[in-house]
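A.B. asks: I'd like to go over a predicted model; first the sequence, then the structure.
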Amino acid sequence: MDLLGLSTLGLITIALTLAFEFVNGFHDSANSIATVVATKVLSPVYAVALAAAFNFLGIFLGLEVAKTMGTGIIDTGLLMDYGVPLIFCAIMGAIIWDLITWWFGIPTSSSHALIGGLVGAGAAVWFIDAVVWTSVLKTIAFIVISPIAGMAIAFGLAVIVMRIAKRASRSLVNKWFRKLQIGSMAYLSLTHGTNDAQKGMGIIATVMMLEAGTFATGSFAVDDWVRLSCGAMLALGTFFGGWRIVKTMATRITKLDPYQGFCAETGAATMLLITAIFGIPVSTTHTASGAIMGVGATKRASAVRWGVGRRIVIAWILTIPASATISGLLFLSYVWFF
């Protein structure tokens with residue numbers, strides 16, 4: 001089914017999903033560029049340009065997360081009953097929560113905002129029966145697992161580097177890792193694109209299948225134009241950047257040397273790649289924040305500003321229920337008035 005055959009609401013929902021991908025990149029740009037900016041390896045302009053390019057390339061690494069977002073969060077029967085209006089309200093709730101947290105400079109998860117939006121809109125009419133609990137509980141578990149794993153991997157890498165380079169001068173180590181950190185930032189940007197662009201792909205593919213009447217019978221598929229559009233919007237959002245959140249991620253959690261930036265980016269990216277392979281929609285923000293805390297803790301526990309970390313964790317916990325509440329209220333309003 002092409003775009004010309006879609007309903008007006010279907011077209012609006014696809015446009016909003018692409019807007020969500022832009023906001024996602026705008027909101028999450030700090031994940032990829034914060035450490036490389038904090039260590040002064042690249043200027044913010046060069047950093048966002050490189051991150052945007054690798055965000056786009058990440059769309060070609062798989063579709064497992066897209067499948068989870070399209071068919072694994074809320075019951076397919078519910079989607080067939082309420083269709084595109086439910087997805088529209090879910091997207092609206094996610095965008096509203098993303099913009100609220102962006103305004104206050106809080107690095108929350110766009111992914112979890114979207115999941116919360118789907119759960120909230122579905123639960124507004126079907127309550128707990130709306131949710132595919134195996135996928136949602138797995139996602140909720142990774143709210144805890146992904147930052148801890150990112151922290152552990154980054155901490156371990158930093159310790160290894162410190163052991164290997166203990167006899168080298170600090171200036172020499174920084175010289176090596178200034179170059180290596182460009183590669184690690186590209187790696188993180190690539191896996192960020194792999195995870196986050198797929199979330200929009202899954203939503204748009206679902207809208208297309210619902211409108212065509214093939215959602216229940218056809219196999220899940222993502223058209224090339226959907227893949228390219230989501231990747232392009234994510235990359236554009238990253239390029240224009242969320243500078244409020246860059247400041248939090250780059251300077252307020254801990255101070256970083258280039259080797260620490262390399263370890264943080266590599267640790268976070270590795271975790272994101274593993275979860276993308278298994279189709280688990282995790283948060284790049286959570287994982288990157290945990291990795292930064294992990295490398296900071298190799299100096300001493302007090303090197304990490306745990307007060308900022310606690311504020312971030314509180315926002316993590318709030319994201320799914322907050323976006324779910326907003327989307328649920330929007331969808332209830334739709335059901336009542338239409």
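C.D. replies: Okay, I see it. Residues are numbered from 1 along each chain as shown.
A.B. asks: C-alpha from now on. contacts and neighbour counts both.
C.D. replies: Fine.
A.B. asks: For Tyr187, grab the count of nearby residues.
C.D. replies: For Tyr187, the tally of surrounding residues (other C-alpha atoms under 10 Å) stands at 23.
A.B. asks: Can you show me the helices along the protein?
C.D. replies: 8-38, 44-57, 64-71, 76-103, 110-126, 133-164, 170-212, 224-240, 243-247, 258-277, 284-296, 306-337 (DSSP state H).
A.B. asks: quick one: pLDDT of the closest residue to Val226 other than its chain neighbours?
C.D. replies: Once flanking residues are discounted, Val226 sits nearest to Met201: 6.1 Å by C-alpha to C-alpha, 6 or more residues apart in numbering. Residue-level confidence at Met201 comes out at 94, pLDDT.
A.B. asks: now Gly294
C.D. replies: 85.
A.B. asks: What sits closest to it if chain neighbours are left out?
C.D. replies: Closest to Gly294 by C-alpha to C-alpha, 6+ apart is Met151, at 4.2 Å.
A.B. asks: in stretch 52-67, what counts as buried?
C.D. replies: By 16 or more other C-alpha atoms under 10 Å, the buried positions in stretch 52-67 come out as 52-59, 61, 63-67.
A.B. asks: Let's have those residues in JSON lines, adding distance to Ile87.
C.D. replies: What follows is those, written out as JSON lines (distance: C-alpha to C-alpha, whole Å):
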{"residue": "Ala52", "distance to Ile87": "27"}
{"residue": "Ala53", "distance to Ile87": "29"}
{"residue": "Phe54", "distance to Ile87": "28"}
{"residue": "Asn55", "distance to Ile87": "25"}
{"residue": "Phe56", "distance to Ile87": "24"}
{"residue": "Leu57", "distance to Ile87": "27"}
{"residue": "Gly58", "distance to Ile87": "25"}
{"residue": "Ile59", "distance to Ile87": "22"}
{"residue": "Leu61", "distance to Ile87": "25"}
{"residue": "Leu63", "distance to Ile87": "20"}
{"residue": "Glu64", "distance to Ile87": "20"}
{"residue": "Val65", "distance to Ile87": "17"}
{"residue": "Ala66", "distance to Ile87": "15"}
{"residue": "Lys67", "distance to Ile87": "15"}
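A.B. asks: picking up where we left off before, which one of the helices of the chain is the most hemmed in?
C.D. replies: helix 284-296 (a mean of 30; mean count of other C-alpha atoms under 10 Å).
A.B. asks: chain center to it: distance?
C.D. replies: Centroid separation between helix 284-296 and its chain, computed with C-alpha atoms, centre = their mean, to the nearest Å, is 13 Å.
A.B. asks: From the contact counts, what lies against that helix?
C.D. replies: Contacts defined by 3 or more C-alpha pairs under 8 Å, 6 or more residues apart in numbering; DSSP states H and E place helix 284-296 against helix 8-38, helix 133-164, helix 258-277.
A.B. asks: of all the helices of the chain, which has the lowest average per-residue confidence?
C.D. replies: Ranked by mean pLDDT, the helices of the chain bottom out at helix 243-247, which scores a mean of 54.
A.B. asks: Return the residues in contact with Glu54.
C.D. replies: Actually, residue 54 is Phe rather than Glu. 186-187, 189-190, 193 (C-alpha atoms under 8 Å, 6 or more residues apart in numbering).
A.B. asks: ok, now Thr39?
C.D. replies: Residues in contact with Thr39 (C-alpha under 8 Å, 6+ apart) are 256-258, 261.
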